[in-house]
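> Give me the fold of what follows.
(chains A and B)
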Amino acid sequence: MTAARLARESGYTKMDAFSPMPVEGLSEAIGYRNKQMPFLMLLGGLTGGSLGIFGQWYASAQSYPLNIGGRPYFSWPMFIVPTFEMTILFAALTGVFGMIILNGLPKPYHSIFNTPGFDRASSDRFFLAIESRDPKFDNEGTRQFMEGLSAVRVSAVAK
Amino acid sequence: MVDQPLDRNVGLKAPAQHEPTGHMNGRRPHDETFDIIGPGHDLETVTEQVIGVVLKDRIRIGWVIFLGFSLALLAMLGVAVSYVLVMGVGVWGINKTVGWGFDIINFVWWIGIGHAGTLISAILLLVHQNWRTSINRFAEAMTIFAVMCAGLFPLLHLGRHQYFYWLAPLPNTMGLWPQFRSPLEWDFFAVSTYFTVSALFWYIGLIPDLATLRDRAQNRTLKILYGMAALGWRGSNQHWHRYMAVYLILAGISTPLVLSVHSTISFDFAFGIVPGWHTTIFPPYFVAGAVFAGFAMVLMLAIPLRHIYGLKDLITMRHLENCAKVMLATGLMVVYGYFMEVFTAYYSGNIYERYMQFTSRMGTGPYAWAYWSLIFCNGVAPQILWFKKYRTNLTCLFVVSIVVSIGMWLERFVIIVVSLSRDYLPSSWALYQPTMWDWALYVGTFGLFLTLFLLFVRALPSIAVAEMRELVHHESHHGAHNGAHGGHLTHDPHGNTIEDRDHTGGTKEAFSGSA
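So this is what the prediction gives:
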């Protein structure tokens, strides 16, 4: 995390860290901010809920109204449960598939997998990558900077 | 990790070094601990221990025998389902008076068992109970498999199975819609949503662990299979960021979902006017009963699982004891429900309600044995868990869990069969006798459940490894550094390398990219 913060303070912007578990505060250290997932899920939930209540209104009051002793066609208290379930269902589907799509997955191959030892990014090693499209990137300078970060190993990865 | 050479072979350890999992720091694998996790664990050892069960453990003869037994039960289920599909539900013991029998009892029982998994994975996550971490994965698997078993029964109960899709609000040539005002239709929405959300929650929890399996599998076919399932997860910080947001919100929305599912199921009864059903206590009482039965099932699965696969360091006595405490607490809520049923029947002054409670259930009714057995199983037997000595005795815990499972099944039997058999009109009273097909279906679902669970234990990590790493990291970081936040660079005693010890047990590697 210190490395990420130092890299950012040195002016690098296009970088990413790889870790075997979520690390609290790492996003802030890297300068990555994003609130899109909660917003997307809220949107999904609202869509599902509206679909639920309007669907039931359409079926019970418009498409096939049944007059049972003069009771109201749109008896909304009886429609709460399916509406609620639709809200949850749509929010969950939007969240999971939204997360997968926005993360660019599935992506079985990525050049980062060529990094020596990267298979341990899913066990016990932490990696910091500075991309070559970073404006401050130059091969030697970046390498020296990273070696200065007390890294175990610095490797160059071809795109 | 300091002593490891940098060019260490980063793959798997040599098998000779490995032996059965659970050997570290000279501790014997049979030592019990009351901590959340056994001592001496770091990121590598938890990963190795859990993943080892999948990738390296030999096929055990006991597992094969048990799987064979489960497959035999599954085959019986196949026969029973086919027979019911061909002959119709007339082969069951239901009659004109008691129209709901084993099918609905088993449906409610199985789905209730599932609820403990969601409680552990969602509610305990939200309230920061970090002891949930090592039991949530297999409890979630239990949820999914239990809901699959549960879902079978209402589908068969429909009678005209070929029209099952009429439950869904699909436009059709008859211009008809499902009856949205019926709790039975709500069940369709609740259970299908519950299944879908549970499966999604389980799968996204699995993605980082599937990536670990991919990176550690030596067999190429396995590597490709796990790699496909892991979707190319690479642990990128941006990915984790979105992932954690979704995971937390899913936990947040699963919480009201799980409460709604069993409440909706209780509406199937509470919305009816049958004596013994028409009470407002039903939704909370059903939810408490579901969690009660579910934790019993969690214990019945956890006790053998940790024993056979040497996971006593990860699923510790602390976990089992906490599960026992939850069982005790929810058991008392269920007992409160029984008292309220007695009180409501008495206080209502309604002769039918009083007759149902005091004569049919508790008195001289033909099924009074079921009522008193359930009071013993759910009300009396779990009280032994007040004592730590018995709460931490695995045999005792296992037996109590079985007794509770039987008790919760009997509870649904009493609610459904006793109430229906003694309706308002004495001339239509009838008794219910399950047939061999009822039993074959019920016992057969155990085959489905156990087969899926046995395959799950060998194919996927039964403990959420990424979450365990987070726990280890958190414990050691905040334990050892006493709450020191942020990283600090430490000089190696030998003076030639500097390591980032920010992340305990992990060593930072860095690299630069070139186009």
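
> what about the strands in chain A?
A:15-18, A:125-130, A:156-158 (DSSP state E).

> other SSEs contacting the first one?
What it means is strand A:15-18. helix A:2-9, helix A:26-30, strand A:125-130, helix B:237-270 (3 or more Cβ pairs under 8 Å, 6 or more residues apart in numbering or on different chains; DSSP states H and E). C-beta here means a position set from N, CA and C on the backbone, and glycine is covered the same way.

> What are the buried residues along stretch B:61-81?
B:Trp63, B:Phe66, B:Leu67, B:Ser70, B:Leu73, B:Leu74, B:Met76, B:Leu77, B:Ala80, B:Val81 (16 or more other Cβ atoms under 10 Å in any protein chain shown).

> Find the nearest non-adjacent residue to the first one, please.
Translated: B:Trp63. Nearest in space to B:Trp63, with sequence neighbours left out and distances taken as Cβ to Cβ, 6 or more residues apart in numbering or on different chains, is B:Leu454 at 6.5 Å.

> quick one: that neighbour and B:Phe446, what's the gap?
Separation of B:Leu454 from B:Phe446 (Cβ to Cβ, to the nearest Å): 12 Å.

> Quick check: neighbours shared by the two?
Common contacts of B:Leu454 and B:Phe446, defined by Cβ atoms under 8 Å, 6 or more residues apart in numbering or on different chains, comprise B:Ser70.

> show me the contacts for B:Gly114.
B:Met142, B:Thr143, B:Ile144, B:Ala146, B:Val147, B:Ala150, B:Tyr194, B:Ser198, B:Ala290, B:Gly294.

> tell me which element it falls in.
Using DSSP states H and E, B:Gly114 falls within helix B:102-118.

> could I get that helix in CSV with only the CA atoms?
Extracted as CSV, the C-alpha positions of helix B:102-118 are listed here (Å, rounded to 0.1, in the frame of the first residue of the first chain):
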residue,chain,number,x,y,z
PHE,B,102,-45.5,-35.0,2.9
ASP,B,103,-45.0,-32.8,-0.1
ILE,B,104,-45.7,-29.5,1.7
ILE,B,105,-44.1,-30.7,5.0
ASN,B,106,-40.9,-31.6,3.2
PHE,B,107,-40.9,-28.4,1.1
VAL,B,108,-41.2,-26.2,4.2
TRP,B,109,-38.6,-28.3,6.1
TRP,B,110,-36.0,-28.2,3.3
ILE,B,111,-36.3,-24.6,2.6
GLY,B,112,-36.1,-23.8,6.3
ILE,B,113,-32.8,-25.6,6.4
GLY,B,114,-31.5,-23.4,3.7
HIS,B,115,-32.1,-20.3,5.6
ALA,B,116,-29.2,-20.8,8.0
GLY,B,117,-26.7,-20.5,5.1
THR,B,118,-28.1,-17.1,4.1
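
> For it, what is the distance to the chain centroid?
Taking Cα atoms, centre = their mean, to the nearest Å, one finds the center of helix B:102-118 at 11 Å from the center of the full chain.

> Following it in sequence, what is the next regular element?
Per DSSP H and E, helix B:102-118 leads on to helix B:124-126 as the next helix or strand towards the C-terminus.

> Show me where chain A has its helices.
A:2-9, A:26-30, A:36-57, A:80-102, A:139-147 (DSSP state H).

> Okay, the nearest residue to B:Phe446 once chain neighbours are set aside and chain A: tell me how far apart.
Using Cβ to Cβ, 6+ apart and skipping the chain neighbours, the partner closest in space to B:Phe446 is B:Leu73 (5.6 Å). Noted for B:Leu73: a distance of 32 Å to chain A, by Cβ to the nearest Cβ, to the nearest Å.

> Tell me the pLDDT of B:Leu73.
In this model, B:Leu73 is scored at 93, pLDDT.

> what's the answer for the one 4 residues further on, then?
At B:Leu77 the predicted local confidence, pLDDT, stands at 93.

> do you know how far it is from B:Thr445?
Distance from B:Leu77 to B:Thr445, counting by Cβ to Cβ: 6 Å.

> quick one: low-confidence ranges for chain A?
Chain A contains residues with pLDDT under 70 at A:1-15, A:24-33, A:111-112, A:114-125, A:131-159.

> farthest-separated two in the contacts of B:Gly114?
Greatest spatial distance among the contacts of B:Gly114 (Cβ to Cβ): B:Ile144 and B:Ala290, at 15.3 Å.

> Neighbour count: those two, which is higher?
B:Ala290 (30 against 19; other Cβ atoms under 10 Å in any protein chain shown).

> which residues sit in contact with the residue nearest to the more buried one when sequence neighbours are not counted?
In this structure, B:Ala290 finds its nearest non-sequential neighbour in B:Gly112, 3.4 Å apart by Cβ to Cβ, 6+ apart. Contacts were defined as Cβ under 8 Å, 6+ apart; by that measure B:Gly112 touches B:His262, B:Phe286, B:Gly289, B:Ala290, B:Val291, B:Ala293, B:Gly294, B:Met408.

> per-residue confidence for the nearest residue to the third one once chain neighbours are set aside?
Residue nearest to B:Gly289 in three dimensions, not counting chain neighbours: B:Val334, with 5.0 Å by Cβ to Cβ, 6+ apart. Looking at B:Val334, its pLDDT reads 92.

> Show me what the strand or helix carrying B:Val334 is packed up against.
Here B:Val334, judged by DSSP H and E, is contained in helix B:317-348. Contact partners of helix B:317-348 among helices and strands, from 3+ Cβ pairs under 8 Å, 6+ apart: helix B:282-308, helix B:351-354, helix B:388-391, helix B:394-413.

> May I see these organised as CSV, with mean pLDDT added?
Formatted as CSV, the helices and strands packed on helix B:317-348 follow (pLDDT from 0 to 100):
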stretch, mean pLDDT
helix B:282-308, 88
helix B:351-354, 88
helix B:388-391, 85
helix B:394-413, 91
